[in-house]
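> next input, structure requested:
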Amino acid sequence: MTSRTTARTATTRDVTEINRTAILDTLAQRGPLTRSALREHTGLSPATVERLCSALADAGIIERCGTEKSRGGRPSTLFRFAGERRVVVAASVSADSLRGVLVGVDGSHLDRTSRPVEPGTGPDARLQATLELIGELLDRARADQRVALGVALSVPGVVDDEGQVSNSAELGWQRLAVGAIVERRFELPCLVENDANAIALGEWTQGAGIGAESLASLVLGIGVGAGLVAGGRLIRGARAGAGEIGYLLTGRDSLGTLFAQHGDLESRINDTAARYRPDQRTSGAAGLLDAVATGDPQAGELAEVLLDYLALAVAALATVFDPEIVVLSGKLPRDPAGVVRALEHRLTGRIPLPPRVVCGQLGDDAPLVGVGELMARRTKGSVYLV
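Numbering: from 1, shown residues only. The predicted model follows:
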């Protein structure tokens, strides 16, 4: 006896959502447009376009923005997608600063704020400062009569699907449910993403990776991390650990050591940078690489070691993931192009398909662009539903 399954048919709501999405996507990409132009681009009937344009305009999701002469009749009303009226808060949390921006669902950056974080700030105080920054941006959104749809955070560390942050040596956060804390405080959905992932998607969306099919970011900071993008999607791995390149084991002797907060590769990078003038406060790997330009022989010797370790990281990314490009980002030296040349020289002839190594173009905005893009994708449905 064979069983029968009933095919699911589209409901009226399904059809309305599809048609509404067609109108909004068309206005976002081609607007402003008249109803007649919308009919031509979407193939929808005049009655459907008329009804949906009226509903979307009443909801403030599209706006009337003037008229256009029509053939032998009254001027036709132009409509535009008012994506800037619906916003998400995008924020980047790092060891020394907090940055935030209001991002319209059309991708526009509308308002921003930042503040330094003093050295020695504890994990609880850092969390409180993060919540205050988010609250400030939400207050600005309300003052401008914008509708906030959610919050997106970029943080260093391993981030699980529930927004819990672990192994964040920069922030001192261990198993901290940041996403849940933000959602309870502000009653908005919250997305939390690893900073290297956010940077990778940001550069792929608006920076050095535009047009690339695949990309890996190599992010220098307190340690080193990587983010992987293929086909416009982040590769996180089964347990959100993809890209934790700082834990790369560099040799057999590494198997005799246990690594907790810092992995083998990033420990070696940090230790190499710290050996340069250990009695003075320097700015890590970037500070050491900058010192090479002064002609200091000690800096030159240590920089060669540090660049070797970075080359190992790029080689691992290239042989396992084979990205079209690797984007250097984070805390870079004043001459990042010199680092690119040094890495390319080290990789030539050592791996079969060396990637193209480039410098990031977005700077400190990269993680904000990345998490803003992720949250905009997630909230698109709530924007489009009336």
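
> skip the chain neighbours and tell me the closest residue to R236.
Distance criterion C-beta to C-beta, 6 or more residues apart in numbering; nearest residue to R236, sequence neighbours excluded, is A242 at 5.4 Å. (Each C-beta comes from the backbone N, C-alpha and C, glycine too.)

> report how many residues lie close to the one you found.
19 (other C-beta atoms under 10 Å).

> wait, a strand at it?
No - under DSSP: H, G, I helix; E, B strand; the rest coil, A242 sits outside any strand and is assigned coil.

> T34 versus that one, what's the distance?
Distance of A242 to T34, given as C-beta to C-beta, to the nearest Å: 46 Å.

> tell me the contacts of the residue nearest to R236?
Going by C-beta atoms under 8 Å, 6 or more residues apart in numbering, A242 touches 228, 235-236.

> low-confidence ranges in the stretch 151-300 of the chain?
279-282 (pLDDT under 70).

> what are the ranges of the strands in it?
Assigned by DSSP state E, counting those that start in this stretch, the stretch 151-300 of the chain shows strands spanning 158-159, 164-166, 176-177, 190-194, 214-221, 223-230, 233-234.

> nearest residue to A129 in space, please, no chain neighbours.
Spatial nearest neighbour of A129, chain neighbours left out: L98 (6.0 Å); criterion: C-beta to C-beta, 6+ apart.

> you'd agree that neighbour is up against I134?
No - L98 lies out of contact with I134 (C-beta atoms under 8 Å); the separation is 9.4 Å.

> quick one: common contacting residues for these two?
Contact with both L98 and I134 is made by residues A91, according to C-beta under 8 Å, 6+ apart.

> looking at the two now, which is surrounded by more residues?
More crowded of L98 and I134, by other C-beta under 10 Å: I134, with 23 against 19.

> helix, strand or coil for the more buried one?
Applying three-state DSSP: I134 is helix.

> surely it meets V182?
Yes - in this structure, I134 is within contact of V182 by C-beta under 8 Å, at 6.6 Å.

> now do the shared contacts for those two.
With C-beta under 8 Å, 6+ apart as the test, I134 and V182 both reach V151.

> could you find the closest non-adjacent residue to R80?
Distance criterion C-beta to C-beta, 6+ apart; nearest residue to R80, sequence neighbours excluded, is P32 at 4.2 Å.

> backbone dihedrals for the one you found, please?
phi -80, psi 150 (degrees, to the nearest 10).

> what sits against it?
Contacts of P32 by C-beta under 8 Å, 6+ apart are 65-66, 78-80.

> between these, which is closest to N197?
Nearest to N197 out of those is R80 (C-beta to C-beta; 32.4 Å).

> could you verify that that closest one is part of a strand?
Yes - according to three-state DSSP, R80 belongs to a strand.

> G31 is in contact with that one, correct?
Yes - taking contacts as C-beta under 8 Å, R80 lies within contact range of G31: 4.8 Å.

> compare those two (neighbour count), which wins?
The residue with more neighbours, out of R80 and G31, is G31; 22 against 16, by other C-beta under 10 Å.

> what does the model give that one for pLDDT?
G31 is assigned a predicted lDDT (pLDDT) of 83.

> from C65, how far out is it?
In terms of C-beta to C-beta, G31 sits 8 Å off from C65.

> quick check: neighbours shared by these two?
Common neighbours of G31 and C65, using C-beta under 8 Å, 6+ apart, are 78-80.

> which of these lies closest to D58?
Out of these, the member with the shortest distance to D58 (by C-beta to C-beta) is F79, at 12.3 Å.

> number of residues surrounding the closest residue to I235 other than its chain neighbours?
Distances taken as C-beta to C-beta, 6+ apart place L228 nearest to I235, at 4.1 Å, with adjacent residues excluded. For L228, the tally of surrounding residues (other C-beta under 10 Å) stands at 24.

> surely T67 is in a helix?
No - with three-state DSSP as the criterion, T67 is assigned strand and is not in a helix.

> count the neighbours of it for me.
T67 has 12 neighbours, counted by other C-beta under 10 Å.

> quick one: it and R35 touch, right?
No - between T67 and R35 there is no contact, the gap being 11.6 Å when judged by C-beta under 8 Å.

> please enumerate the shared neighbours of the two.
With C-beta under 8 Å, 6+ apart, T67 and R35 have common neighbours 76-77.

> domain-wise, how is this structure divided?
With domains defined by automatic domain parsing, the chain comprises 12-81, 85-198+366-384, 210-361.

> can you add distance to W204 and give these back as CSV?
Shown next, in CSV, are the domains of the chain (distance: least, C-beta to C-beta, whole Å):
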stretch, distance to W204
domain 12-81, 19
domain 85-198+366-384, 8
domain 210-361, 5
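
> point out the most buried one among those.
Most buried of those, by mean neighbour count (mean count of other C-beta atoms under 10 Å): domain 85-198+366-384, with a mean of 20.

> one step back: next one: the helix or strand harbouring the residue nearest to A129 to chain centre, how far?
Using DSSP states H and E, L98 maps to strand 97-104. On the basis of C-alpha atoms, centre = their mean, to the nearest Å, strand 97-104 sits 12 Å off its chain's mean C-alpha point.

> just stretch 76-91 next, same as before
Centroid separation for stretch 76-91 versus its chain: 21 Å, with C-alpha atoms, centre = their mean.

> for it, measure first residue to last.
41 Å (C-alpha to C-alpha, to the nearest Å).

> ok, D290 to N197 distance?
Taking C-beta to C-beta, one finds D290 at 27 Å from N197.

> cool, R142 as well?
For R142, the distance to N197 equals 30 Å [C-beta to C-beta].

> one step back: the residue nearest to A129: what's it in contact with?
If you count contacts by C-beta under 8 Å, 6+ apart, L98 has them with 91-92, 114-115, 117, 129-130, 133.

> same thing but 7 Å
91, 114-115, 117, 129-130, 133 (C-beta atoms under 7 Å, 6 or more residues apart in numbering).

> over to W173?
Shown in contact with W173 (C-beta under 7 Å, 6+ apart): 123, 157, 165.
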